[in-house]
Each structure stands twice: as structure tokens, then as C-alpha cells.
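> quick one: sequence and predicted model below, then my questions.
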Amino acid sequence: DQQVKQNSPSLSVQEGRISILNCDYTNSMFDYFLWYKKYPAEGPTFLISISSIKDKNEDGRFTVFLNKSAKHLSLHIVPSQPGDSAVYFCAASRLISGNMLTFGGGTRLMVKP
Amino acid sequence: DGGITQSPKYLFRKEGQNVTLSCEQNLNHDAMYWYRQDPGQGLRLIYYSQIVNDFQKGDIAEGYSVSREKKESFPLTVTSAQKNPTAFYLCASTDRVNQPQHFGDGTRLSIL
């Protein structure tokens, strides 16, 4: 039973345009959400997070939106750059449980020059 | 520079053999984690430790064992009981529950 799902395995975007990566979760007890970026043969790198008390968090070109009623979060990258091409994982946790993360299956983003 | 070091980067295991993957961190983090990634899939939690000399099973602990004798070290042993060990193994750490986990660069384990 996948508690965190990324339904799009891949996404292709033109350089300079917006990339929108989506993530759905089923466990309403999750209260902390993160996005990681991963290159092949490397560990994931933390990008941005959001707690359930917020609905938006922004850091430079990256913005995460959280819709608790829909159990949905999204990552917006504006403008997209070729260096953003990687696999993006969303993750969720319950802070009271010790920050154990449940990951989605990942979305491969390809930004074309 | 502070960080998490995983070694070796590539590891080969013979049938029936136990192998140990190393994870060392100099971030002074209390909590450490082991994940497994299979091709095209997300990361799944194997074991985690929130403090020295204590660790808990994650979602897929069968066939694995860990120890946490020192704060900076959290080795993972893949035992012969793990029937499908070929995967990319990632170690992570964090210093408090509301902070993101930091990851090492992983060890790719293959079966000879």
C-alpha cells in the first residue's frame, strides 16, 4: 500500500518554462513534507520542505504547495534550467514518529535547452 | 567538510555470503537511517537508529542487520537471508525531527 505516490514517472519541459511535479499521499497523519533531487549514482539532495501548518513555501526558483484537504503537494520550478534535469522524490513523515520518511516513486524531469 | 561517507561505492556479493556496507557521518547527528532503492522505485526504509546503542526495524528489515556502537557510524550487513540484495543502498542522518535528512552517495550492491 503506497502511502506516497508520484503518478508521473517522467516529465519533459522546455528551458525557461515552468516545471510542475505532483505528489499525492493517503495518510492524513503526515505533517512534514519534503522534496529531494537525485542524480544517477548519487544520494538525494534536499531541495525544499513544508510543514502541514503552511500551504506554501518558497526558496528561489522552487516553490512547494500543500493542499491538505486533497492530500496533494506540488513542486514548481520557475524558470526551469537544463541543470534541473534529475529524478525528483517527494517524501512525507510524521514528526512525532522520529522523522522516518516515506518516499514516492520519483519523477524524472528532463529540461530541454 | 561535514558529510556522510558511504563505502564502498560498488560491492559484489557471492551467493551465501554476508557483506557489510559502511556509513560514517561527521555531522554530529543523533539519528541515522538506511534505505534501499530499486530501479524505477522510491526509497524504502530498512533500519533506523535515533540514538547510540538503539535501532529499530523499518519497512523491509528482513535479511538485514545493523549496529550503532558509535554516534558517527551505522554499518548495514546484508545477510545471506536477503534473497534479492541487488539494489542501491543509501544512508542518511539528521539531527532533529523537523530537519531534513542528509544522504550519502550510496553503495551499489550486485550479486556475482
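Yep, it's here. Numbers count the residues shown, from 1 in each chain, chains lettered A, B, ... in the order given.

> what's the distance between the closest residue in space to A:Arg17 that isn't next to it in sequence and chain B?
Nearest residue to A:Arg17 in three dimensions, chain neighbours excluded: A:Ser80, at 5.7 Å (Cβ to Cβ, 6 or more residues apart in numbering or on different chains). All C-beta atoms are positioned from the backbone trio N, CA, C, and that covers glycine. The span separating A:Ser80 from chain B equals 22 Å under the rule Cβ to the nearest Cβ, to the nearest Å.

> any idea how far A:Ser80 is from A:Asp59?
15 Å (Cβ to Cβ, to the nearest Å).

> between these two, who's got more neighbours?
A:Ser80 (23 against 10; other Cβ atoms under 10 Å in any protein chain shown).

> contacts only, for the more buried one.
Applying Cβ atoms under 8 Å, 6 or more residues apart in numbering or on different chains, we find A:Ser80 in contact with A:13-19, A:109, A:111.

> same thing but at 7 Å, please
Contact analysis of A:Ser80 by Cβ atoms under 7 Å, 6 or more residues apart in numbering or on different chains lists A:13, A:15-19, A:111.

> how many other residues sit next to residue 47?
Answering for chain A, as no chain was given. Each residue near A:Leu47 was counted by other Cβ under 10 Å, and the total is 20.

> try chain B instead
If you count neighbours by other Cβ under 10 Å, B:Tyr47 ends up with 22.

> doesn't it belong to a strand?
Yes: read with DSSP: H, G, I helix; E, B strand; the rest coil, B:Tyr47 is one of the residues of a strand.

> pretty sure it sits against B:Tyr64.
Yes: in this structure, B:Tyr47 sits in contact with B:Tyr64. The criterion is Cβ atoms under 7 Å, and the distance is 6.4 Å.

> overlap in contacts, these two.
B:Leu76.

> any low-confidence regions in the chain?
Assuming you mean chain A. Where chain A drops to pLDDT under 70, the residues are A:1, A:98.

> my bad, chain B
Segments of chain B classed as low confidence (criterion: pLDDT under 70) are B:1-2, B:97.

> now with 80?
Of all residues in chain B, those with pLDDT under 80 make up the ranges B:1-2, B:40, B:96-98.

> contact residues of it facing chain A?
In this structure, chain B approaches chain A at residues B:31, B:41-43, B:45, B:48, B:50, B:90, B:94, B:97-98, B:100-106, judged by Cβ under 7 Å from any Cβ of the partner chain.

> pull the number of nearby residues for residue 102.
All of this is about chain A. Look at A:Thr102: counted by other Cβ under 10 Å, it has 21 neighbours.

> let's do chain B instead
What B:His102 shows, counting by other Cβ under 10 Å, is a neighbour count of 20.

> again, but for B:Asn53
Other residues within reach of B:Asn53 by the criterion other Cβ under 10 Å amount to 10.

> kindly report the same for A:Asn67.
Number of residues near A:Asn67 (other Cβ under 10 Å) recorded here: 11.

> quick one: which helix or strand includes the most centrally placed residue in chain B?
Note on chain B: the residue nearest the mean C-alpha position is B:Trp34, at 3.2 Å, using Cα atoms, centre = their mean. Secondary structure assigned from DSSP states H and E places B:Trp34 in strand B:31-37.
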